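Student: Next come a sequence and a model predicted from it.
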Amino acid sequence: MYRITKNLSFCYGHRLMNHPGKCRHLHGHSARVEITLESEQLNEQGMVCDFADIKQFAGQWINETLDHNMLLHKNDPVLPLLQEAGERLMVVDEHPTAEFLAKLIYNYVSKGGFPVTKVSVWETDSSSASYSPA
Ligand SMILES: Nc1nc2c(c(=O)[nH]1)N=C([C@H](O)[C@H](O)COP(=O)(O)OP(=O)(O)OP(=O)(O)O)CN2
Ligand SMILES: [Zn+2]
């Protein structure tokens with residue numbers, strides 16, 4: 001089995017409404033995403049997939065959708081205030097954790113036809129969450 005990983009990065013804000021500690025406050029991360037693809041065979045270029053193609057497909061979407069966006073749960077009481085102020089927001093049905101982001105990015109890359117097996121989101125240098133299908 002061949003396995004490749006492409007790292008991308010983006011910045012975002014969020015908060016975790018039910019968090020008992022500091023993460024219930026609005027804050028931001030400069031996150032790193034690891035996208036892992038696997039294949040039994042290599043293509044005619046000797047690759048699982050060109051790193052540049054993953055960057056083009058996933059990186060563009062991440063930049064347009066997540067980068068410098070504020071991710072908030074649909075029930076977050078701060079939403080009306082930020083909406084009224086014209087802030088850029090992404091309202092989500094689930095708590096905007098690293099786990100949520102890993103699955104969101106996995107699903108996008110998978111639907112794009114890439115043989116993705118795992119996506120990890122590093123929120124900080126020491127904390128990451130991964131999603132891979134069962
Ligand atoms: N399983 C998860 N736990 C936490 C998440 C998450 O998305 N999934 N998110 C947060 C906070 O948003 C934030 O990422 C804080 O993380 P943490 O590792 O606690 O950050 P620190 O910089 O304080 O880490 P230290 O290594 O302790 O300095 C919280 N938990
Ligand atoms: Zn956080």
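Tutor: Now that the structure is in, tell me what you want to look at. Ligands and ions are numbered 1, 2, ... in the order given.

Student: C-alpha only now, for contacts and for neighbours.
Tutor: Will do.

Student: May I ask you to confirm that Asn63 belongs to a helix?
Tutor: Yes: looking at Asn63 with DSSP: H, G, I helix; E, B strand; the rest coil, it is inside a helix.

Student: what's around the spatially closest residue to it that is not a sequence neighbour, how many residues?
Tutor: In space, and not counting its chain neighbours, Asn63 is closest to Phe10: 7.0 Å by CA to CA, 6 or more residues apart in numbering. By the criterion of other CA atoms under 10 Å, Phe10 has 17 neighbours.

Student: Helix, strand or coil: sort out the most centrally placed residue in the chain for me.
Tutor: The centre of the chain sits closest to Leu101, judged by CA atoms, centre = their mean, with a distance of 3.9 Å. When classified by three-state DSSP, Leu101 comes out as helix.

Student: pretty sure it contacts Ser128?
Tutor: No: using CA atoms under 8 Å as the test, Leu101 is too far from Ser128 to be in contact (10.6 Å).

Student: do you know how far the residue nearest to the centre of the chain is from Glu123?
Tutor: Here the criterion is CA to CA, to the nearest Å. By it, Leu101 lies 10 Å from Glu123.

Student: that's a helix at the residue nearest to Asn63, yeah?
Tutor: No: Phe10 is assigned strand when assessed by three-state DSSP, not a helix.

Student: Look at it and report its pLDDT.
Tutor: Among the per-residue scores, Phe10 shows a pLDDT of 98.

Student: tell me the contacts of it?
Tutor: Under the criterion of CA atoms under 8 Å, 6 or more residues apart in numbering, the contact list for Phe10 reads 30-32, 62-63, 66-68.
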